[in-house]
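Participant: here is a sequence together with a model predicted from it:
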Amino acid sequence: MVEAAAAVFAEKGIAATRIQDVAATAGFTRGAVYSNFADKADLLAAVVDATSDRMAVDGTTVFDPAVPPSALRAGIGRLVADWVRELPVHRKLQLELVAQATRDERLRATLVEPRRRRRRAVAAAATAYFDSRGMPLPLPADTFATTLLAVVNAFAIELLIDPEGTTPTAVADALSVLVPG
């Protein structure tokens, strides 16, 4: 149901989406949706949590201690390309969430904690990775995570809009300032 909601929110927009749209896409009745979620805002919060948690897991997996520093930058570039190619709904949803959050304080507040969790997870994974390699992080951990996620988000947007004009290798090149390799 949460995946169906993500798809509908991404395609129709948050404001235009109705619970009935989500129910139809998920193959449930409207009552079934309401038995799991109090309202559209509650459903949207579940979508935000699920999306953010998946991105945090993917983002921390890149910093696997088994990955040599020479392969780290390319691995992050592949992850960005995979997110955009395999998860276009989530990227479109992220754009929709940001746009809507600029007009809706309640939604903006809903987005804050999942985004902070994601940054903390990436900061912790990056710190552990760099420490295990005896290498200093190029920036304080929280700044590193925020910058890395900002670069990833920016390239994901560019790939959504202009897939032929933006390449995954460009992501790796941009990351050369942050990540050794």
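Facilitator: Here it is on my side, so go on.
Participant: can you tell me the closest non-neighbouring residue to the residue nearest the centre of the chain?
Facilitator: By C-alpha atoms, centre = their mean, the chain has its centre lying nearest to Met55, at 4.6 Å. Computed as C-beta to C-beta, 6 or more residues apart in numbering, the closest residue to Met55 that is not its neighbour in sequence is Arg118, at 5.8 Å. All C-beta spots, glycine's among them, are computed from the backbone N, C-alpha and C.
Participant: mind listing what's buried in the helix or strand where the one you found lies?
Facilitator: Under the criterion of DSSP states H and E, Arg118 resides in helix 105-132. Within helix 105-132, the residues that qualify as buried are 107, 110-111, 114-115, 118-119, 121-123, 125-127, 129-130, counting by 16 or more other C-beta atoms under 10 Å.
Participant: for Leu97, state which of those is nearest.
Facilitator: Leu111 (6.2 Å; C-beta to C-beta).
Participant: burial count for the nearest residue to Val22 once chain neighbours are set aside?
Facilitator: Excluding its sequence neighbours, the residue lying closest to Val22 (C-beta to C-beta, 6+ apart) is Ala5, at 4.6 Å. For Ala5, the neighbour count with other C-beta atoms under 10 Å is 25.
Participant: so what's Ala5 up against?
Facilitator: Taking C-beta atoms under 8 Å, 6 or more residues apart in numbering as the criterion, Ala5 is in contact with Thr17, Val22, Thr25, Ala26, Leu43, Leu44, Ala46, Val47.
Participant: helices and strands around the helix holding Arg118, which ones?
Facilitator: Counting contacts by 3 or more C-beta pairs under 8 Å, 6 or more residues apart in numbering; DSSP states H and E, helix 105-132 is packed against helix 40-61, helix 88-101, helix 141-161.
Participant: re earlier: okay if I get the contacts of Ala5 as a markdown table plus neighbour count?
Facilitator: Listed next are the contacts of Ala5 as a markdown table, based on neighbours: other C-beta atoms under 10 Å:
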| residue | neighbour count |
| --- | --- |
| Thr17 | 20 |
| Val22 | 26 |
| Thr25 | 18 |
| Ala26 | 17 |
| Leu43 | 24 |
| Leu44 | 25 |
| Ala46 | 16 |
| Val47 | 27 |
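Participant: poorly predicted segments of the protein, please.
Facilitator: The chain contains residues with pLDDT under 70 at 84-87, 168, 172, 181.
Participant: so the residue nearest to the centre of the chain sits right up against Trp83, yeah?
Facilitator: Yes. With contact defined as C-beta atoms under 8 Å, Met55 and Trp83 form a contacting pair (7.5 Å).
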